[in-house]
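Colleague: coordinates for the following, if possible.
(2 chains)
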Amino acid sequence: MPHDGPDHDHDHRDHTEPPSDVALRVKSLESLLIEKGLVDPATLDALVDRYEHHVGPQNGKKVVARAWTDPDYRQWLQDDANAAIGDFGFKGRQGEHMVCVENGPKAHNLVVCTLCSCYPWTVLGLPPVWYKSAPYRSRAVADPRGVLAEFGTVLDPDVEIRVWDSTSEMRYLVIPERPAGTEGWTAEQLERLVTRNSMIGVEKAKAPADLAKDAAE
Amino acid sequence: MTTVSEPAFCEPVFEEPWQAQAFALANALIDKGFFSAEEWAQALGAEIRRAQAAGDPDTGETYYNHWLAALERLCADKGLALGAEVARRAEEWRDAYLATPHGKPVSLRNR
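Modeller: This next block holds a predicted model:
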């Protein structure tokens, strides 16, 4: 098409609008690495599919609910978290060591990655935006009680807060306290009380009354 | 000081497809042993600090921009894909898009 008319910029039939610069950078890197045989397109697709559809907090909820109902499993999580979590078929990446930290009446655990965004992907999926933000990364260590309060989590002054700084090798999963009033509940019922945030340690698990509120909304 | 607050809505895993692509590339390269998870964490951490020093608010929204910058830097350092190569390839893709009629598949052959 001759580029002589004033409207040629507005005619989209003769070309395709290129993606944004950042998308073009990724596409270029990807096509080069594939061309050189360094990565395999099928592997890339499988990785995205896994993190978009197959890993997420639903995995962690199963681990926590079983820990709440099965003392042997709870002990196994303490002794060898990788193996205990792997019992569900949730396999971490090579070299990643999982550690489960339990909340109790006198101790509350909080997980952060001060360096970047290391996170227990196997059981929680990818981290939420706030976990990757500078305020959370710095303040979780400097002022954990203040951060918890912003999430609506107010702890008694005598409860010790333990902050765990994740690394590429060590990933932490918080086992929240089992809520009161759940005696006799099955693991499946209990899973509904476990939230992503409670497994990062910024909140407690839901109370049975919260489920009724959720249902009313 | 900025507070840490969680949006009420449920966040998508990736906001845009390029983020998923960049995520997968880094992990595929780690899995193949081109760099270690530790090297990756250090590179990403360094990129986040660099961006912060340059005025990035670092609220987590720009996280995948840092991710991509770390990936490009590490690929260049390891000789997997050099910066000039990637820049040239980006221009080739741009030309290919502009030369492909709308609705047709875009290929580098179309330049």
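
Colleague: tell me the contacts of the nearest residue to A:G104 once chain neighbours are set aside?
Modeller: In space, and not counting its chain neighbours, A:G104 is closest to A:E177: 6.5 Å by CB to CB, 6 or more residues apart in numbering or on different chains. Using the backbone N, CA and C atoms, a C-beta is placed for each residue, glycine as well. Contacts were defined as CB atoms under 8 Å, 6 or more residues apart in numbering or on different chains; by that measure A:E177 touches A:103-105, A:204-205.

Colleague: what about 7 Å?
Modeller: Going by CB atoms under 7 Å, 6 or more residues apart in numbering or on different chains, A:E177 touches A:103-104, A:204-205.

Colleague: nearest the geometric middle of chain B, what residue?
Modeller: With distances taken as CA atoms, centre = their mean, B:L68 lies nearest the centre of chain B, 2.2 Å away.

Colleague: can you tell me the SS state at that residue?
Modeller: On the three-state scheme (DSSP: H, G, I helix; E, B strand; the rest coil), B:L68 is labelled helix.

Colleague: likewise the one 3 residues further on?
Modeller: When states are read from three-state DSSP, the local structure at B:L71 comes out as helix.

Colleague: same deal with A:V101?
Modeller: Per three-state DSSP, the local secondary structure of A:V101 is strand.

Colleague: ok, back up a step: contacts only, for the residue nearest to the residue nearest to the centre of chain B when sequence neighbours are not counted.
Modeller: Among residues not flanking B:L68 along the chain, B:A22 sits closest, at 4.7 Å (CB to CB, 6+ apart). With contacts taken as CB under 7 Å, 6+ apart, B:A22 has the following neighbours: A:26, B:64, B:67-68, B:71.

Colleague: related to what we said a few turns ago, which residues are in contact with the residue nearest to the centre of chain B?
Modeller: Contacts for B:L68 (CB under 7 Å, 6+ apart) come out as A:22, A:25-26, B:22.

Colleague: show me which pair in the contacts of A:E177 is furthest apart.
Modeller: Greatest spatial distance in the contacts of A:E177: A:G104 and A:A205, 13.0 Å, computed using CB to CB.

Colleague: so which of those two has more stuff around it?
Modeller: Between A:G104 and A:A205, counted using other CB atoms under 10 Å in any protein chain shown, A:A205 has the larger neighbour count: 25 against 11.

Colleague: domain parsing for chain A?
Modeller: According to automatic domain parsing, chain A is divided into the following domains: A:16-52, A:55-216.

Colleague: need those domains in CSV with mean pLDDT, can you?
Modeller: Below are the domains of chain A laid out as CSV (pLDDT from 0 to 100):
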stretch, mean pLDDT
domain A:16-52, 94
domain A:55-216, 94
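
Colleague: in JSON lines: these, plus distance to B:R50.
Modeller: Written out in JSON lines, the entries for the domains of chain A read as follows (distance: least, CB to CB, whole Å):
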{"stretch": "domain A:16-52", "distance to B:R50": "17"}
{"stretch": "domain A:55-216", "distance to B:R50": "12"}
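
Colleague: thinking again about what came up before, now the contacts of B:A22 as JSON lines including distance to A:T16?
Modeller: Putting those into JSON lines (distance: CB to CB, whole Å) gives the following:
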{"residue": "A:V26", "distance to A:T16": "17"}
{"residue": "B:Y64", "distance to A:T16": "24"}
{"residue": "B:W67", "distance to A:T16": "26"}
{"residue": "B:L68", "distance to A:T16": "22"}
{"residue": "B:L71", "distance to A:T16": "25"}
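
Colleague: which of the contacts of B:L68 fall in helices?
Modeller: Those of these mapping onto helices are A:22, A:25-26, B:22, per DSSP state H.
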